[in-house]
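>>> return atomic coordinates for the entry below.
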Amino acid sequence: MDYPNGYISVIGGGSWGTAIAAHLAEKGYDVTLWAYESEVVGCINSVGKNDLYLPDIILPHNVHATNDYKEAVESARYVISVVPTQHIRPVITAIKPYVKADAIVVSASKGIENNTYCLPSKIIGDILCRPVAVLSGPSFAKEVALKLPTAVTLAATDKRSALILQELFTTDFFRVYTHDDVVGVEVGGAIKNVIAIASGICEGLGLGNNARAALLTRGLSEITRLGVAMGARENTFSGLSGLGDLMLTCTAMMSRNFTVGYKLGRGERLQDIMANTKSIAEGVSTTKAAYELSMRLSIEMPITEQIYLTLYKNKPPFEAVKDLMTRSLKAEFDGY
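Numbers count the residues shown, from 1 in each chain. Here you go, the predicted structure:
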């Protein structure tokens, strides 16, 4: 089947979706960006910018925006979903009738669906009845849009698709590594947002660098335990989609999840924080799914549990920290 200039559809007009669309358009591909907000569509098509989510970045002329599902995907060779996890199911269901039978589908969302506990690629794959690749790793949207050096992971069960997508995304400032552990790559991308909220709380409470170092280390242990229980390989979490993404998201105010935690640590209420945040902090909803999933799988995730209690049961952050520090003593590694 012929496609005009390797036509690409990006589903999701937030900051990351816009950055991906701009990145691929710079390589010469024709890109259609589907956005929910009519103001985003209008702004991109009229002045070449997404002032709502990625201001000050001029988009290439070959990025076209739409909020029409059919127009977005009917000719696409590649369909890249960057929809917030809790909204994936209705959006992908809506585009399903128009997705080409041989289109390659990629998920660039990070999270776990509430109630079903499905990872993004599982949701999309079940709806579209095809395998779905995953793009993840330490990648702030604005830095990618500014062409600052970035390295990420592209995971796919089919090696041929992985190599095709590696070439599709790679530039001299955006380096892509392939992987076949789709579950591990997605779990790393999802749970690091929970730990990022905890890291922001540490910063907001003024707990210092020692606390953050301990939090990131023990947080990585929680991510790994959950991932392995879900079928991932342990060594995946030492890579870009695990440790790399964790370090980025837990140490910078550019991280939405870190910022939510920081404001909680400074005494703001979650309802007020969320009401004044235009971009979605995936870690808030992921915390609930991850906590419930850990209970189902009998996985010990004490940091996740305390963030759940802070977000959903109004536990004061300083009490959550105290309870983590006064847990029963144990060995650092199992079997010691």
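>>> could you use CA atoms for every contact and neighbour count after this?
Will do.
>>> buried residues in stretch 307-325?
307, 308, 309, 310, 311, 317, 320, 321 (16 or more other Cα atoms under 10 Å).
>>> can you tell me the average pLDDT over it?
Regarding stretch 307-325, the rounded mean pLDDT is 97.
>>> can I get it in CSV, CA atoms only?
Extracted C-alpha coordinates of stretch 307-325, given in CSV (Å, rounded to 0.1, in the frame of the first residue of the first chain):
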residue,chain,number,x,y,z
ILE,A,307,1.8,8.2,48.2
TYR,A,308,-1.6,6.5,47.7
LEU,A,309,-2.5,7.4,51.3
THR,A,310,-1.3,10.9,50.8
LEU,A,311,-3.2,11.5,47.5
TYR,A,312,-6.4,9.5,48.2
LYS,A,313,-6.7,9.4,52.0
ASN,A,314,-5.5,12.9,52.9
LYS,A,315,-2.5,11.6,54.9
PRO,A,316,-0.2,14.5,55.8
PRO,A,317,3.1,14.1,53.8
PHE,A,318,5.3,14.4,56.9
GLU,A,319,3.5,11.5,58.5
ALA,A,320,4.0,9.4,55.3
VAL,A,321,7.7,10.1,55.5
LYS,A,322,7.8,9.2,59.2
ASP,A,323,6.0,5.9,58.6
LEU,A,324,8.5,5.0,55.8
MET,A,325,11.5,5.7,58.0
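>>> starting at the chain centroid, how far to it?
24 Å (Cα atoms, centre = their mean, to the nearest Å).
>>> which outside residues touch it?
Stretch 307-325 is contacted from outside by 194, 197-198, 201, 205, 264-265, 270, 284, 287-288, 291, 302-303, 306, using Cα atoms under 8 Å, 6 or more residues apart in numbering.
>>> what helices or strands is the lowest-mean-pLDDT helix or strand in the chain leaning on?
Least confident helix or strand, the chain: helix 270-275 with a mean of 93, by mean pLDDT, DSSP states H and E. If you count contacts as 3 or more Cα pairs under 8 Å, 6 or more residues apart in numbering; DSSP states H and E, helix 270-275 packs onto helix 256-265.
>>> about what we covered before: not counting the following helix or strand past the least confident helix or strand of the chain itself, show me its contacts.
Heading C-terminal from helix 270-275, the first helix or strand you meet, by DSSP states H and E, is helix 282-297. Helix 282-297 is contacted from outside by 84-86, 110-115, 117, 190-194, 196-197, 226, 229, 257, 300-301, 304-305, 307-308, 311-312, using Cα under 8 Å, 6+ apart.
>>> could you turn the buried ones of the residues you listed into a ChimeraX selection?
Buried subset of the contacts of helix 282-297, written as a ChimeraX selection, criterion 16+ other Cα under 10 Å:
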select :84,85,110,111,112,113,114,117,190,191,192,193,194,196,197,226,257,301,304,305,307,308,311
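>>> tell me which of the contacts of helix 282-297 fall in helices.
Under the assignment DSSP state H, these contribute 190-194, 196-197, 226, 229, 257, 304-305, 307-308, 311-312 to helices.
>>> secondary structure of residue 79: a strand, I assume?
Yes - applying DSSP: H, G, I helix; E, B strand; the rest coil, one finds residue 79 inside a strand.
>>> for it, grab the count of nearby residues.
For residue 79, the neighbour count with other Cα atoms under 10 Å is 25.
>>> the strands in the stretch 1-150 of the chain, which residues?
8-11, 31-34, 63-66, 78-81, 104-107, 133-136, 150-155 (DSSP state E, counting those that start in this stretch).
>>> residues near the closest residue in space to residue 199 that isn't next to it in sequence, how many?
Nearest non-adjacent residue to residue 199, counting by Cα to Cα, 6 or more residues apart in numbering: residue 250, 5.5 Å away. When neighbours are counted by other Cα under 10 Å, residue 250 registers 28.
>>> on that earlier part again, and the strands of the stretch 1-150 of the chain as TSV, adding mean pLDDT and distance to residue 236?
Shown next, in TSV, are the strands of the stretch 1-150 of the chain (pLDDT from 0 to 100; distance: least, Cα to Cα, whole Å):
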stretch	mean pLDDT	distance to residue 236
strand 8-11	98	27
strand 31-34	98	31
strand 63-66	97	34
strand 78-81	98	22
strand 104-107	98	18
strand 133-136	98	12
strand 150-155	98	10
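>>> in a markdown table: those strands, plus distance to residue 179.
Formatted as a markdown table, those follow (distance: least, Cα to Cα, whole Å):
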| stretch | distance to residue 179 |
| --- | --- |
| strand 8-11 | 22 |
| strand 31-34 | 25 |
| strand 63-66 | 29 |
| strand 78-81 | 18 |
| strand 104-107 | 14 |
| strand 133-136 | 9 |
| strand 150-155 | 4 |
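>>> what about residue 283, distance to residue 85?
To residue 85, residue 283 is 10 Å away according to Cα to Cα, to the nearest Å.
>>> okay, and the common contacts of these two?
residue 111.
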